[in-house]
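# predicted model and sequence below, questions to follow.
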Amino acid sequence: SQQGEEDPQALSIQEGENATMNCSYKTSINNLQWYRQNSGRGLVHLILIRSNEREKHSGRLRVTLDTSKKSSSLLITASRAADTASYFCATDERNSGGSNYKLTFGKGTLLTVNP
Amino acid sequence: DTGVSQDPRHKITKRGQNVTFRCDPISEHNRLYWYRQTLGQGPEFLTYFQNEAQLEKSRLLSDRFSAERPKGSFSTLEIQRTEQGDSAMYLCASSLAWWNEQFFGPGTRLTVL
């Protein structure tokens, strides 16, 4: 089953604009991670935000987490053509023992940045 | 390159044949995970190891699938009697501990004819 659901499914913007992608999930989590995947390639880890954090920055990336709404957002500022990729959020569900062993992904947002 | 590596990158096989994939995790990482990704979907968890122990298997992992991590380092995923529905990208990831990031390899794309 897919816990994280990204929104929108597809996003097309011009170079230089900002891109915002959202992720919703269903259960309690320890962490939420964002990944990028270029067509037919492996996943590149972008950022991890823990359940007790509300915002995190890394370069042009800004991630927020609202555990009360079970949602997260990824903002890419000053987008570049090279940012064109699919973006996935992944949650690790907290089990009864407090630990976790797997990530659950959504279907991703396909971002196209036009030069 | 000190990232996760996978071999082969592409595999084309005929239905009914057996295939084996290899994953080499980041060297100090105790945890190793296998995921499968089909077109248009996010990765789905298959199984994971902590050191050499296989601690969890998804219901997606039928009895035709077997995974090993004999010395707690590299891992292999074998699919016996492949079916066309096994065609997918098989991704391996590793992490230092359960609360850390999972880093993924480039994947092995399997095509079953």
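Noted; the coordinates are in hand.

# give me the pLDDT value at the residue in chain B that chain A sits nearest to.
Closest residue of chain B to chain A, Cβ to the nearest Cβ: residue B:42 (3.0 Å). Placement of C-beta: from N, CA and C, glycine included. pLDDT, residue B:42: 93.

# what residues does chain A put near chain B?
Counting by Cβ under 8 Å from any Cβ of the partner chain, the residues of chain A lying close to chain B are A:2, A:4, A:30-31, A:33, A:35, A:40-45, A:48, A:50, A:88, A:90, A:92, A:99-108.

# mind listing what the lowest-mean-pLDDT helix or strand in chain B pairs with, with the direction of each?
Comparing every helix and strand of chain B by mean pLDDT, DSSP states H and E singles out strand B:53-57 as the least confident one, with a mean of 88. Paired strands of strand B:53-57, with direction, are strand B:44-50 (antiparallel) (DSSP bridges).

# what about the chain, any weak spots by pLDDT?
You didn't say which chain, so I picked chain A. A:1-4, A:94-100 (pLDDT under 70).

# actually, chain B is the one I wanted.
For chain B (pLDDT under 70), the answer is B:1.

# what residue is smack in the middle of it?
With distances taken as Cα atoms, centre = their mean, chain B has residue B:34 as the residue nearest its mean C-alpha position (3.5 Å).

# re the thing from before, quick one: contacts of the least confident helix or strand of chain B?
Applying Cβ atoms under 8 Å, 6 or more residues apart in numbering or on different chains, the external contacts of strand B:53-57 come out as A:101-102, B:46-49, B:67-69.

# repeat that for 10 Å
A:101-102, B:31-34, B:45-50, B:65-69, B:72, B:75 (Cβ atoms under 10 Å, 6 or more residues apart in numbering or on different chains).

# in ChimeraX, select just the buried ones from those residues.
Only the buried entries of the contacts of strand B:53-57 go into this ChimeraX selection, using 16 or more other Cβ atoms under 10 Å in any protein chain shown:
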select /A:101,102 /B:31,32,33,34,45,46,47,48,49,50,65,67,69,75
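
# hang on, the earlier thing: buried ones only from the residues of chain A next to chain B, please, as a PyMOL command.
Filtering the residues of chain A next to chain B down to the buried ones (16+ other Cβ under 10 Å) takes a single PyMOL command:
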select buried, chain A and resi 4+30+31+33+35+41+42+43+45+48+88+90+92+100+101+102+103+104+105+106+108
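
# mind checking which of the residues of chain A next to chain B land in helices?
Here DSSP state H is the test, and the residues of chain A next to chain B give no hits in helices at all.

# is whichever residue of chain A sits closest to chain B in a bridge, and if so with what?
Going by Cβ to the nearest Cβ, chain B is nearest to residue A:105 of chain A, at 3.0 Å. In this entry, residue A:105 is beta-bridged to residue A:90, by DSSP bridges.
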